[in-house]
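Engineer: Predicted model and sequence follow; I will ask about them next.
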Amino acid sequence: MHTPVLVREVVEGLEVKPGGRYIDCTVGTAGHARALLDRSSPDGTLLGIDQDPAAVEISRAILEGYGSRVTLIRDSFIRLEAIASEQDFVPADGVLLDLGLSSLQLEQAERGFSFQEEGPLDMRMDPHSRVSAERLVNMLTEQELAEMIARYGEEPKARAVARAIVSHRPVGTTTQLAEIVARAVGRRGRLHPATRTFQALRIAVNAELDALSTVLPQAVDVLHKGGRLAVISFHSLEDRLVKRFIARESTDCICPPGMPACGCGHQRTLVTLTRKPIRPSPAESTENPRSRSAKLRIAMKM
């Protein structure tokens, strides 16, 4: 079973209260959802969204005891505003985005997210999506691979990795790809040499950064005034995007420096509640090593 990260901090940051209405945009296996429902009892409600059908079915079984307080939807959170409207869940008191992979995905070799066990190069959050990691690895040009791995994986040796992949095509399994990358990158500290390349592929397959950019404004729109947004990210690209969005929406004028007068007409919609991201405690990091890279940012709608 997946262990959710920063549960207490999320519940406190969202100021969960009885009778509140909360949206978990990445419900996974219901770790945060249960905490939100427990704190909002006896009559708080939750809308849970996930594009992974297996996660939705597991959450449905776990949350069965909460009855009509729970609504679960299998869909992508890029449709957050439409889904919330369809389910009569606007305005909401809080919106949560937990951007990390769940143990459900990592520990199923057939999903292809991990190089710890051999499996197909898949990495699709939505199994119905047409683009898989195998398709990218075997069809992109060397230049396209290098650019993807550098951009989404921040891999310093992206060109060497791309060159090695192309020379060993076709590549069909996670362990085969990990071995190719490891030989191209070499050993470096505790981080497995293939970590950054696998991250890059996962982000590209699922268009994760585009999806995040799409959902953040919608999350603000579905909140009522005083409602709160909480986002848990797990790598610098996500956190940077969230940080910049909150900073932008917490500012009235976003004109370039040096402008004689404001011409953008932008009005702030958020108040930043976490100047620095909240990190897991040493105890949580020890108990759940996967939480170590988590960063939680919280903002309140004006």
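Structural biologist: On my side now, so go ahead.

Engineer: Against Val242, how distant is the most centrally placed residue in the chain?
Structural biologist: Compute the mean C-alpha point of the chain, and by Cα atoms, centre = their mean the closest residue is Leu99, 1.7 Å away. From Leu99 across to Val242, the span is 9 Å (Cβ to Cβ, to the nearest Å). Bear in mind the C-beta positions are built from the backbone N, C-alpha and C, glycine included.

Engineer: list residues touching both of these two?
Structural biologist: When contacts are counted by Cβ atoms under 8 Å, 6 or more residues apart in numbering, Leu99 and Val242 are jointly contacted by Leu212, Val231, Ser233.

Engineer: where exactly do the helices run in the stretch 51-200 of the chain?
Structural biologist: Counting by DSSP state H, counting those that start in this stretch, the stretch 51-200 of the chain has helices at residues 53-62, 80-86, 103-106, 133-139, 142-153, 158-167, 174-185, 195-206.

Engineer: Where do the strands of this structure begin and end?
Structural biologist: 21-24, 45-50, 70-74, 92-98, 223-233, 270-272, 295-301 (DSSP state E).

Engineer: Would you mind finding the most buried of those?
Structural biologist: strand 21-24 (a mean of 27; mean count of other Cβ atoms under 10 Å).

Engineer: Rebuild the strands of the chain as JSON lines, extending it with mean pLDDT and distance to Arg196.
Structural biologist: Below are the strands of the chain laid out as JSON lines (pLDDT from 0 to 100; distance: least, Cβ to Cβ, whole Å):
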{"stretch": "strand 21-24", "mean pLDDT": "98", "distance to Arg196": "29"}
{"stretch": "strand 45-50", "mean pLDDT": "98", "distance to Arg196": "26"}
{"stretch": "strand 70-74", "mean pLDDT": "98", "distance to Arg196": "30"}
{"stretch": "strand 92-98", "mean pLDDT": "98", "distance to Arg196": "22"}
{"stretch": "strand 223-233", "mean pLDDT": "98", "distance to Arg196": "16"}
{"stretch": "strand 270-272", "mean pLDDT": "97", "distance to Arg196": "30"}
{"stretch": "strand 295-301", "mean pLDDT": "98", "distance to Arg196": "18"}
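
Engineer: Just put the ones you listed in CSV and tack on distance to Glu142.
Structural biologist: Shown next, in CSV, are the strands of the chain (distance: least, Cβ to Cβ, whole Å):
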stretch, distance to Glu142
strand 21-24, 40
strand 45-50, 35
strand 70-74, 37
strand 92-98, 34
strand 223-233, 30
strand 270-272, 42
strand 295-301, 33
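
Engineer: For Arg111, find the nearest of those strands.
Structural biologist: With Cβ to Cβ as the criterion, Arg111 lies closest to strand 45-50 of the strands of the chain, at 14.1 Å.

Engineer: one step back: which of the shared contacts of Leu99 and Val242 lies closest to Met300?
Structural biologist: For these, the nearest to Met300 is Val231 (13.0 Å; Cβ to Cβ).

Engineer: correct me, but that closest one touches Phe77?
Structural biologist: No: using Cβ atoms under 8 Å, Val231 is not in contact with Phe77, being 11.4 Å away.
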